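Need coordinates for the below:
(chains A, B, C and D)
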Number of protein chains: 2
Amino acid sequence: MARKTGSHSDITGPRVRAAALKLFAAHGFAAVSMRQIAAEVGVQAGALYLYTPDKQSLLFDLMRDHMQDVLNAWAAEEKPEGPVKELEAFSRFHIRFHLGRPEEVFISYMELRNLEPDNFEALGAMRRTYEGVLEDILTRGQDEGLFDVDDVKLTTLALIAMLNGVTSWYKPDGRLSLARVEAIYSDMAGKSVRMPRWKERQRKAEATQIA
Amino acid sequence: MARKTGSHSDITGPRVRAAALKLFAAHGFAAVSMRQIAAEVGVQAGALYLYTPDKQSLLFDLMRDHMQDVLNAWAAEEKPEGPVKELEAFSRFHIRFHLGRPEEVFISYMELRNLEPDNFEALGAMRRTYEGVLEDILTRGQDEGLFDVDDVKLTTLALIAMLNGVTSWYKPDGRLSLARVEAIYSDMAGKSVRMPRWKERQRKAEATQIA
DNA sequence: GTCTATAAACCGATAGAC
DNA sequence: GTCTATCGGTTTATAGAC
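I've put the predicted structure just below:
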């Protein structure tokens, strides 16, 4: 050890991002100073500007990369067939992915207001793309008579809020396993939108009667 | 007008709190300076300290009073009979109350980490008391065979997260009326925990068979 | 009750030595 | 690639005039 000055390489860039991630998540973007980030990395404040043009970029890069990771990960998921199973897959994916990146998730919805207008808009577009995935599942399920959803857009937001909530209390070594949490949440999500059996029977009966 | 100095009374205290509420909600506690608050009130920074000992107290008082308002308002609500109707009443109350105080709500769950340890603990206790209301409804519904809840504590948090989510997108003059939003959310909440009819019939059939 | 002035510390970002 | 030093500006909070 005993690195004082002139020390080199050791991929400091990623370590700066990691420090910013940790500190922004813990104390909030506005409450964290560049000096604190530098101290976490083990470097002086001035050296940070070799790896980021400014503090704002540090925040935006973290948020943009996280959203891109989510979109890529969902794209790479194997999709089951039919809206019911798709909704379960989406719920489980969302829970699993978000619980694996608690700090990125926390920052991504707590620090939106600290983004400059252009960055805010760019991130909003990515978020809407992700919401569109769920909205699409609900729309198809509704069209096929499998779901009983009053308002697709509102329901999309309600479900995502519910699923996001998990990040605010889940602890990996807590009372409930990840698998159990996934199961409970996806079950709740499914029940909250699925067409009840009695209603479905009634619907089919009416269709037969008319025909 | 033309008030410069020596001006008096005019209940400045509440106006300081109102300014802090507005600015903290818009930009975040850490990002707002005492000078900005003073400017919003129309006074110099030094004068604020006649109404609050420091910036932290300004934040804590807003959050504590809000939580107390929620608890008082629920206590004053007329309660219907039976867990099913109670859950609906709670859902509707929660939506209605929180949409009426968007700034207090926003601050109360965004600024928790900016509270000093003692204040954080005090607010956590109040929050847990409120969660206990819903937890109690779910527990009784479960005991009476009306709900089919896997884990009461987890479900409590999931439902509150879903209901809270409404505050992040609802606009009073938006596409959906408050009454409609209340109805959709309370319906989703109910469906996500209620015992399905077929399962209830099965349960009763088994009970009869055994007897 | 409000003002002005100020203390003491900290901020983001840059310049230049090594 | 990192350091030290620094610029110009901000912060919370207090002291004392009016």
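
Would you double-check that A:Tyr170 falls in a strand?
No. Looking at A:Tyr170 with DSSP: H, G, I helix; E, B strand; the rest coil, it is coil, so not inside a strand.

so what's it closest to, chain neighbours aside?
The shortest distance from A:Tyr170 to any non-neighbouring residue, by Cβ to Cβ, 6 or more residues apart in numbering or on different chains, is to A:Leu99 (5.6 Å). For the C-beta atoms, the positions are set from N, CA and C on the backbone; glycine is no exception.

what about chain A, any weak spots by pLDDT?
Applying pLDDT under 70 to chain A flags the ranges A:1-9, A:211.

quick one: buried residues of the helix of greatest length in chain A?
Looking across chain A with DSSP state H, the single longest helix is helix A:117-143. The neighbour-count check on helix A:117-143 (16 or more other Cβ atoms under 10 Å in any protein chain shown) flags A:119, A:123, A:126-127, A:133-135, A:137-139, A:141-142 as buried.

Now distance to A:Asp151 too, for those residues, in TSV please.
Below are those laid out as TSV (distance: Cβ to Cβ, whole Å):
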residue	distance to A:Asp151
A:Asn119	30
A:Leu123	25
A:Met126	23
A:Arg127	19
A:Val133	18
A:Leu134	13
A:Glu135	11
A:Ile137	15
A:Leu138	10
A:Thr139	11
A:Gly141	14
A:Gln142	10
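
Report the residue ranges of every domain in chain A.
Chain A breaks down into these domains under automatic domain parsing: A:9-52, A:56-210.

And these: which comes nearest DNA strand C?
domain A:9-52 (2.9 Å; Cβ to the nearest atom of the strand).

now the closest one, how far from the centre of its chain.
Domain A:9-52 has its C-alpha centroid displaced from the chain centroid by 23 Å (Cα atoms, centre = their mean, to the nearest Å).

Does chain B have contacts with it?
Yes. Counting by Cβ under 8 Å from any Cβ of the partner chain, contacts between domain A:9-52 and chain B involve A:26-28, A:30-31.

anything in that domain near DNA strand D?
Yes. Judged by Cβ under 7 Å from any atom of the strand, domain A:9-52 comes into contact with DNA strand D at A:9-10, A:12, A:38, A:42-47, A:50.

Could I get the full set of helices for chain A?
Listed in chain order, the helices of chain A (DSSP H) span A:12-27, A:34-41, A:55-76, A:83-99, A:102-110, A:117-143, A:152-165, A:178-193, A:197-210.

So which elements touch the longest one?
With contacts taken as 3 or more Cβ pairs under 8 Å, 6 or more residues apart in numbering or on different chains; DSSP states H and E, helix A:117-143 sits against helix A:55-76, helix A:83-99, helix A:152-165.

possible to save these as CSV with mean neighbour count?
Output for the helices and strands packed on helix A:117-143, formatted as CSV (neighbours: other Cβ atoms under 10 Å in any protein chain shown):
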stretch, mean neighbour count
helix A:55-76, 16
helix A:83-99, 20
helix A:152-165, 22
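
nearest to B:Tyr109, of the residues of domain A:9-52 next to chain B?
Taking Cβ to Cβ as the measure, B:Tyr109 sits nearest to A:Gly28 out of the residues of domain A:9-52 next to chain B, at 13.1 Å.

how about the nearest residue to that closest one, chain neighbours excluded?
Nearest non-adjacent residue to A:Gly28, counting by Cβ to Cβ, 6+ apart: B:Ala30, 5.5 Å away.

Now do the nearest residue to A:Met188 once chain neighbours are set aside: how many residues are near it, please.
Excluding its sequence neighbours, the residue lying closest to A:Met188 (Cβ to Cβ, 6+ apart) is B:Ser192, at 4.4 Å. Neighbourhood size, B:Ser192 [other Cβ atoms under 10 Å in any protein chain shown]: 24.

And B:Ser192, how close does it get to A:Thr155?
Distance from B:Ser192 to A:Thr155, counting by Cβ to Cβ, to the nearest Å: 12 Å.

Quick check: neighbours shared by these two?
A:Ser192 (Cβ atoms under 8 Å, 6 or more residues apart in numbering or on different chains).

When you filter the residues of domain A:9-52 next to chain B down to buried only, what's left?
A:28, A:30-31.

So which of these is the closest to A:Trp74?
For those, the residue nearest A:Trp74 by Cβ to Cβ is A:Gly28; the value is 28.0 Å.

pretty sure the closest one contacts A:Arg113?
No. Using Cβ atoms under 8 Å, A:Gly28 makes no contact with A:Arg113, being 10.7 Å away.

what's the overlap in contacts for the two?
By the contact definition Cβ under 8 Å, 6+ apart, A:Gly28 and A:Arg113 are jointly contacted by B:Gly28.

follow-up on the earlier one: TSV for the domains of chain A, including distance to B:Met67?
Listed next are those as TSV, based on distance: least, Cβ to Cβ, whole Å:
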stretch	distance to B:Met67
domain A:9-52	21
domain A:56-210	17
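
can I get the ones you listed in TSV with distance to DNA strand C?
Converted to TSV, the domains of chain A look like this (distance: least, Cβ to the nearest atom of the strand, whole Å):
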stretch	distance to DNA strand C
domain A:9-52	3
domain A:56-210	6
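
Looking at those, which is nearest to B:Trp169?
Nearest to B:Trp169 among these is domain A:56-210 (5.6 Å), distances taken as Cβ to Cβ.

wait, does the closest one make contact with DNA strand D?
No. Against DNA strand D, domain A:56-210 shows no contacts by Cβ under 7 Å from any atom of the strand, the least distance being 14.8 Å.

and that domain, how far apart are its ends?
End-to-end distance for domain A:56-210: 62 Å, by Cα to Cα, to the nearest Å.

what's near enough to touch the residue nearest to A:Met195 when sequence neighbours are not counted?
Using Cβ to Cβ, 6+ apart and skipping the chain neighbours, the partner closest in space to A:Met195 is A:Asp148 (4.4 Å). A:Asp148 is in contact with A:142, A:193-196, A:199, counting by Cβ under 8 Å, 6+ apart.

Test my guess that A:Ile160 contacts A:Arg128.
No. In this structure, A:Ile160 is not within contact of A:Arg128 by Cβ under 8 Å, at 11.3 Å.
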